[in-house]
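Colleague: Turn this into a model:
(one chain, ligands or ions: 2)
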Amino acid sequence: MNIGLLGCGVVGGGILDFCAGREDLTVTKVLVRRPRPDLGALAVTDIADIVNDEAIGIVAEVMGGLHPAYEYICAAMKAGKHVVTANKAVISAYYPELTGLARECGVSLRCTAAVGGGIPWLTNLERCKRLDSICELGGIMNGTTNFIMDAMHASPVSFPEILKQAQELGYAEADPSADIDGDDVRRKLTISANIAFDALVQEEDIPMFGIRTVTDGDIRAFKAHGFVCKLLATAKAAEGGVCAFIEPTLVDSHDLEAAVPKNFNLITYCGEKVGRHSFFGQGAGRYPTAFNAVEDCLDIVAGKPGFYTQAMKPAPVLCGGEAHPYYVRTACPDAFLQSVTVEHWGDGVVTACVSVEEMLRWGRAQLDKDPGCFLAGIR
Ligand SMILES: NC(=O)C1=CN([C@@H]2O[C@H](COP(=O)(O)OP(=O)(O)OC[C@H]3O[C@@H](n4cnc5c(N)ncnc54)[C@H](OP(=O)(O)O)[C@@H]3O)[C@@H](O)[C@H]2O)C=CC1
Ligand SMILES: N[C@@H](CC=O)C(=O)O
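Modeller: Ligands and ions are numbered 1, 2, ... in the order given. Sure thing, here's the model as predicted:
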């Protein structure tokens, strides 16, 4: 089958390499927006050249961003082309529109590379649902932040320096704020929760706190108490909705997550009957991500199902019932923090059990008063 590739950066370059020399998949056109002599006759600058090309069966979108990615994907599906994308931003934001249009047009829409880079996470989530009900999912879903946290635990490093390395290695998003502030994980969690729970969760409703403000002093305090800090995502089926949140989390140094190195992810679902299945692999980077995108193309060639789920119903995010202790470091502790403090760790404090909803709302507001404030849930 012929592929029209939209974008040829880190992931697009990997797709080209994987397809080179294959007989079942051939990239025949690549949409670019600046001169790319390296691509020779493959390069086109007008999306119409791909959408109107009847010989192209699959459009692989790896440009990133919401626009014009959304419009190009819609145009491709309306022209009867299957779509494969690694773009979690567009899938998370336009989940009902895109899945609805794919069904209307009778084409496949696959996005396995959008969550977990090279890990076959969404495909296994889909398979698990054929036999069992998923009650919970989550874990380490961002390669860039795991790379940063792993390096910071190994030795004191400069945060900007290690982030720069993650960018050079092709792990970080075009705007790395999406990685370090949690938006990238929130998109991946939204897609995963929607598929797992047949839900329609709005990305913006999921509370989150990122790792931008973590310091070497925080890490020293965590290590001294036998903990490792990871940015973790959680989603659970809840009565009348979905409980979903993202926060730096202190896990016991013997836990599986504590051992996840570099740009690797560890994502787990828990089925009611089957129990826990965890998936480990590189969550970011050229070949891991391109691998899943090309696997999606091969699934389309093999006639596998068009999307990961058949149903969806609007689901509010409800985190009020979830509570645990937190580590908090702020230069301006207020009456609320003082009322829940039970212990002091270095420059920070440890709280009694506080509801996730309340603590993350407090943390976001506290960043306005103290931009260096940091918090982490304690598992
Ligand atoms: N990198 C990774 O590890 C992972 C990435 N992803 C997702 O994959 C997608 C691509 O990421 P990545 O390859 O890293 O990003 P890059 O920035 O490396 O590549 C994007 C490419 O798309 C091109 N592009 C952007 N807009 C347009 C446009 N309007 N018309 C034509 N070309 C365009 C860019 O052109 P130019 O060179 O001119 O800027 C660039 O070559 C993103 O959605 C990302 O979230 C998902 C999982 C992992
Ligand atoms: N920026 C993302 C790339 C893959 O989704 C990450 O670091 O995980």
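
Colleague: Can you give me the neighbour number for the residue in the chain that ligand 1 sits nearest to?
Modeller: For the chain and ligand 1, the shortest gap (CB to the nearest ligand atom) falls at Gly9, measuring 1.9 Å. To be clear about C-beta, it is placed using only N, CA and C from the backbone, and glycine gets the same treatment. The local packing of Gly9 (other CB atoms under 10 Å) involves 13 other residues.

Colleague: Can you report phi and psi for it?
Modeller: For Gly9, the backbone dihedrals (degrees, to the nearest 10) come out as phi -110, psi -130.

Colleague: Pretty sure Val62 is one of the things it touches, is it not?
Modeller: Yes - the pair Gly9 and Val62 passes the contact test of CB atoms under 8 Å, sitting 7.2 Å apart.

Colleague: Nearest residue to Lys230 in space, please, no chain neighbours.
Modeller: Beyond its immediate neighbours in the sequence, the residue positioned closest to Lys230 (CB to CB, 6 or more residues apart in numbering) is Glu257, lying 5.2 Å away.

Colleague: I'd like to know how many residues surround that neighbour.
Modeller: If you count neighbours by other CB under 10 Å, Glu257 ends up with 18.

Colleague: Where does the record place the domain boundaries for the protein?
Modeller: When the chain is parsed into structural domains using automatic domain parsing, the resulting residue ranges are 2-118+288-310, 121-282.

Colleague: For those domains, give me a markdown table that also has distance to Ala331 and mean pLDDT.
Modeller: Conversion of these to a markdown table gives the following (distance: least, CB to CB, whole Å; pLDDT from 0 to 100):
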| stretch | distance to Ala331 | mean pLDDT |
| --- | --- | --- |
| domain 2-118+288-310 | 33 | 97 |
| domain 121-282 | 11 | 97 |
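
Colleague: so which of those gets nearest ligand 2?
Modeller: Ranked by CB to the nearest ligand atom, the member of the domains of the chain that lies closest to ligand 2 is domain 121-282, at 3.4 Å.

Colleague: Say whether ligand 1 is contacted by the closest one.
Modeller: Yes - applying CB under 6 Å from any ligand atom, one finds domain 121-282 in contact with ligand 1 at Gly170, Tyr171, Glu173, Ala174.

Colleague: Test my guess that the third one contacts Asn87.
Modeller: It stands for Glu173. No - applying CB under 8 Å as the test, Glu173 and Asn87 come out as separate, 10.5 Å apart.

Colleague: who's more crowded, the two?
Modeller: Neighbours were counted for Glu173 and for Asn87 using other CB under 10 Å; Asn87 has more, 24 against 20.

Colleague: Pretty sure the more buried one sits against Val59.
Modeller: No - if you go by CB under 8 Å, Asn87 and Val59 don't touch, sitting 11.9 Å apart.

Colleague: Any chance of the domains of the chain in TSV with distance to Phe374 as columns?
Modeller: Below are these laid out as TSV (distance: least, CB to CB, whole Å):
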stretch	distance to Phe374
domain 2-118+288-310	25
domain 121-282	4
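
Colleague: Is there a neighbour count for the closest residue to Ile180 other than its chain neighbours? I'd like the number.
Modeller: Nearest non-adjacent residue to Ile180, counting by CB to CB, 6+ apart: Arg212, 4.7 Å away. When neighbours are counted by other CB under 10 Å, Arg212 registers 19.

Colleague: Enumerate every residue touching Arg212.
Modeller: Residues in contact with Arg212, defined by CB atoms under 8 Å, 6 or more residues apart in numbering, are Ser177, Ile180, Asp181.

Colleague: Inside helices: which ones of the residues you listed?
Modeller: Ser177, Ile180 (DSSP state H).

Colleague: Buried only: go through the contacts of Arg212 for me.
Modeller: Burial by neighbour count, 16 or more other CB atoms under 10 Å: within the contacts of Arg212 this picks out Ile180, Asp181.

Colleague: Keep only the contacts of Arg212 that also lie close to ligand 2.
Modeller: Those of the contacts of Arg212 which are also neighbours of ligand 2 - as judged by CB under 6 Å from any ligand atom - do not exist.

Colleague: Return the biggest helix by length in the chain as PDB; C-alpha atoms alone will do.
Modeller: Secondary structure assigned by DSSP H gives helix 286-301 as the longest helix of the chain. Taking Å, rounded to 0.1, in the frame of the first residue of the first chain, the C-alpha atoms of helix 286-301 are listed here in PDB:
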ATOM      1  CA  ARG A 286      12.800   8.100  16.300                       C
ATOM      2  CA  TYR A 287      12.700   4.300  15.800                       C
ATOM      3  CA  PRO A 288      10.600   3.300  18.800                       C
ATOM      4  CA  THR A 289       7.900   5.700  17.700                       C
ATOM      5  CA  ALA A 290       8.200   5.000  14.000                       C
ATOM      6  CA  PHE A 291       8.000   1.300  14.700                       C
ATOM      7  CA  ASN A 292       4.500   1.600  16.200                       C
ATOM      8  CA  ALA A 293       3.400   3.900  13.300                       C
ATOM      9  CA  VAL A 294       4.500   1.400  10.700                       C
ATOM     10  CA  GLU A 295       3.000  -1.500  12.700                       C
ATOM     11  CA  ASP A 296      -0.300   0.400  12.500                       C
ATOM     12  CA  CYS A 297       0.100   0.600   8.700                       C
ATOM     13  CA  LEU A 298       0.800  -3.100   8.500                       C
ATOM     14  CA  ASP A 299      -2.300  -3.800  10.600                       C
ATOM     15  CA  ILE A 300      -4.300  -1.700   8.100                       C
ATOM     16  CA  VAL A 301      -2.900  -3.700   5.200                       C
END
